[in-house]
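1. predicted structure and sequence below. I'll ask about it afterward.
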Amino acid sequence: MGNYGAAWFTLPPSGIIINSREMARRIDLERSVCPERDFMCSSSSETWNTMLSCIYIIFCGFLCQPCLVAGLPETVKIAGIFDENVSQQTYDAFRYAIQGINEGRRSLALPGTKLVPRIIQDFKADLFTGPQQICAIAEEGIAAIFGPQRRLSSSLMASIANSTAIPHLMTRWRIKEDHPNTGVNLHPHHTVLGRAHTALIRHFNWTSFALLYDDAESLIRASDLLDGMNELRPDVFKINPTNVTTTLADVKASGVSFIVLDCPGKVAYKVLKAAQKMKMTTYYFHYILTTWDIHLLDLEEIVQDFVNITALQMIDVEDLQLIKAAKGWGAVEPVRAATGDKGKLGVTTEAALIYDSVQLLVKSVRRAEEEGLVVTPEPVFCSRRQKWGQGGDLYRHILNTKFKGLTGEVSFDRLGHRSNVRLHVVEPLRFGLQKVGYWTVNSGVKIDFNYTGYRTIFQNSIKNKLLRVLVKLENPYIMEKPNASLYEGNDRYRGFCIDMLHNLSLTLNFSYELVVSDLSYGDQDPDTKEWNGLVRELIDKKGDMVLGAMSITRDREEVVDFSQPFLYLGVRILLKKPEKKTPALFAFLDPLSVAVWIFILVGFLVMSCVMFVIGRFSPYEWYNPNPCVEEAGVVENQFSIFNAMWFAIGSLMQVGTEIAPRAISTRFLAGIWWFFTMIIVGSYTANLAAYLTAERMQLPIENAHDLVEQNQIKYGCLEGGATCKFFEVRFNDTSHRHLKYALKVTFPVGAPFVTILPL
């Protein structure tokens with residue numbers, strides 16, 4: 001009987017109406033008074049009615065299970081804590097979620113049970129009145145605590161919830177996790193947000209950016225972003241609340257065009273409006289906003305300059321479920337009948353999170369009931385350090401509950417952090433806020449929006465506009481006409497790049513003004529990190545584009561954008577072709593090196609000496625010069641020192657001699673020498689043929705090291721050019737300091753005998 005609540009039953013045979021709780025109370029009373037007589041202590045009529053009620057209940061339990069109503073209490077109290085600065089919409093969303101459940105408008109309703117909110121508005125997180133207010137509500141018996149939304153008050157609430165074992169449902173960003181046993185947070189964990197923004201920066205290939213933060217909490221939140229960018233350290237600026245222009249002036253002076261705004265939506269809008277006045281909202285700039293509610297910002301005027309703005313959102317503003325719920329708590333403006341405009345969706349992410357938190361509790365209570373746990377809130381007294389007995393079980397059911405809410409899939413890990421977070425990547429474009437992709441922990445950033453149509457709008461935006469084009473005279477790309485003084489304006493110039501620009505202007509229907517500059521293309525100072533030349537002009541927005549044969553380098557791509565390359569040319573050394581020399585007297589020795597000739601000579605001498613020694617010691621090399629006289633008593637040896645040398649040189653020259661070895665030892669040695677001479681003669685013949693057929697042309701300079709090791713030929717490259725930068729990076733050790741010095745300081749272009757290209 002303890003697993004069922006207040007269910008009323010009607011007994012048709014006797015017409016008696018009995019309450020199951022009252023029946024259980026009577027039975028317990030009877031047993032306590034007369035345990036040996038069981039039901040016989042009561043009067044006969046009451047005992048009869050009680051027995052009939054028991055039989056009817058058992059019958060309904062086995063044959064008519066739907067007749068029994070789940071044993072939840074008639075009312076379940078919950079606590080809603082709202083700070084003094086919380087928006088009215090968050091409060092309205094909380095009340096609307098409870099109202100929908102109590103009225104049974106959706107499948108989440110609890111039949112026979114009403115949620116009774118105990119709401120504290122204008123909650124102050126002081127150490128005296130705050131705990132008193134919460135403990136007073138806890139003494140009434142509550143099933144969960146919702147809120148508050150601010151950092152200090154949320155930490156205080158987490159401590160009380162942990163000490164009383166009452167589940168705590170939070171909806172705000174937190175850096176300190178002090179709720180290990182009772183709290184869940186529907187807001188994504190701060191490390192997840194750091195990974196998401198880091199993935200955005202990497203997706204856009206940012207190599208430098210500025211971080212603008214609003215307060216200390218924003219800087220703490222941005223630390224996760226900074227930790228994810230170990231190889232890239234941004235310029236950090238604190239937003240001046242009284243004068244945003246000064247902050248933006250510092251950002252503009254740093255030359256950075258990629259900016260992260262870590263601040264509330266109202267502050268971000270103020271910064272963007274100030275940036276628009278400073279001409280920092282053109283297509284050269286890209287902003288990433290950390291606010292969840294970019295859809296509430298009126299950016300229609302700002303995006304007219306094609307500024308790039310990206311943000312992440314938890315809610316899908318096009319979701320019908322979100323729109324329907326937002327209408328319920330009044331977060332959607334009514335349709336304007338006069339203009340036909342659709343109602344504007346004004347829902348905040350905070351309101352959607354508090355709405356989902358109520359749904360989470362109801363689903364968890366129903367899940368617990370299905371598994372045999374009837375949630376029954378009990379009074380908990382903070383002064384007695386009392387804990388709610390069912391709090392831990394309900395918390396485990398909350399962790400295991402999953403559903404699709406207004407903020408996406410709601411699920412948690414074992415620590416109470418939200419898991420499987422999917423964030424929408426949105427961008428405000430000229431035709432409105434557009435969802436361009438998504439981010440998840442597993443997949444990273446995925447952009448699935450087709451920008452083709454938007455590129456067409458961008459191309460149409462430059463129609464009938466005058467672009468300022470910076471050029472540098474360089475043949476054959478940009479040249480002055482022979483009679484340039486007879487022409488005016490752009491007609492004075494011709495060249496490959498001029499023709500390309502002219503055709504491009506006809507295609508996109510824009511006009512241009514050529515501004516000739518004698519500056520270099522641009523180089524970055526290694527100490528100050530400041531750029532010079534035409535790159536500096538682009539950074540300072542003194543021109544819309546640079547036209548010319550500027551080499552595409554990684555350093556330049558960090559600060560300016562390049563078109564598709566129209567010419568591929570690596571680093572080359574251009575020098576005068578050496579003249580053919582008259583062959584020397586001993587040119588026949590050139591096919592083999594000096595070392596080889598020395599080894600051949602040494603081998604010849606060693607062979608001669610060894611042959612002489614072995615020939616003298618071997619008895620078979622001694623013979624009778626007069627074979628007709630057997631007892632002559634005189635023998636001779638043919639391998640004298642001179643004969644041994646003659647034998648070796650004859651074999652080397654492939655002509656042979658009249659001397660032939662007689663002993664096995666000398667014949668074996670002769671065979672080894674013949675094999676050696678065959679290899680040497682074959683190699684010499686092949687090299688000599690190649691040498692005589694095509695004379696090898698020895699270049700005096702074959703690489704940069706040859707330039708360093710000589711002082712006869714002058715050399716140089718264009719100072720500040722890509723080639724000069726290449727050699728500065730390549731030869732960065734002390735042994736090549738003089739090469740770096742020569743490339744940077746000496747000879748102007750055109751004067752050197754050797755010129756390193758491209759310029």
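-> Looks like it came in fine.

2. centre of the chain versus stretch 158-170, how much separation?
-> How far stretch 158-170 lies from its chain's middle: 36 Å, per Cα atoms, centre = their mean, to the nearest Å.

3. next, the buried residues of it.
-> Ala158, Ile160, Ala161, Asn162, Ser163, Thr164, Ala165, Ile166, Pro167, His168, Leu169, Met170 (16 or more other Cβ atoms under 10 Å). Just so you know, the C-beta spots here come from the backbone N, C-alpha and C atoms, and that holds for glycine as well.

4. quick check: longest helix of the chain.
-> Selection of the longest helix in the chain by residue count, based on DSSP state H, yields helix 664-693.

5. state the mean pLDDT of it.
-> The pLDDT scores in helix 664-693 average 85.

6. contacting residues around Val184?
-> Residues near Val184 by Cβ atoms under 8 Å, 6 or more residues apart in numbering: Pro167, His168, Leu169, Met170, Leu360, Tyr395, Ile398, Leu399, Phe412, Gly416, Arg418.

7. could you find the closest non-adjacent residue to the third one?
-> By the measure of Cβ to Cβ, 6 or more residues apart in numbering, the closest residue to Leu169 outside its immediate chain neighbours is Ser357, 4.3 Å from it.

8. how far does whatever helix or strand that neighbour lives in sit from the chain's center?
-> Secondary structure from DSSP states H and E places Ser357 in helix 349-370. Distance of helix 349-370 from the chain centroid (Cα atoms, centre = their mean) equals 33 Å.

9. how about the CA coordinates for it, as CSV?
-> What follows is helix 349-370 as a C-alpha-only set of coordinates in CSV (Å, rounded to 0.1, in the frame of the first residue of the first chain):
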residue,chain,number,x,y,z
THR,A,349,19.1,31.6,-24.7
GLU,A,350,18.9,32.0,-21.0
ALA,A,351,15.1,31.7,-21.2
ALA,A,352,15.3,28.6,-23.4
LEU,A,353,17.7,27.0,-20.9
ILE,A,354,15.4,27.6,-17.9
TYR,A,355,12.5,26.2,-20.0
ASP,A,356,14.5,23.0,-20.8
SER,A,357,15.5,22.7,-17.1
VAL,A,358,11.8,22.4,-16.1
GLN,A,359,11.2,19.8,-18.8
LEU,A,360,14.3,17.9,-17.5
LEU,A,361,13.0,17.7,-14.0
VAL,A,362,9.5,16.4,-15.1
LYS,A,363,11.0,13.8,-17.4
SER,A,364,13.3,12.7,-14.6
VAL,A,365,10.5,12.4,-12.2
ARG,A,366,8.5,10.3,-14.6
ARG,A,367,11.5,8.2,-15.4
ALA,A,368,12.0,7.6,-11.6
GLU,A,369,8.4,6.6,-11.2
GLU,A,370,8.6,4.1,-14.0
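
10. who are the packing partners of it?
-> helix 88-102, strand 145-146, strand 168-170, helix 320-328, helix 391-399, strand 403-405, strand 408-410 (3 or more Cβ pairs under 8 Å, 6 or more residues apart in numbering; DSSP states H and E).

11. give the buried residues for the last one.
-> Read it as strand 408-410. The neighbour-count check on strand 408-410 (16+ other Cβ under 10 Å) flags Gly408, Val410 as buried.
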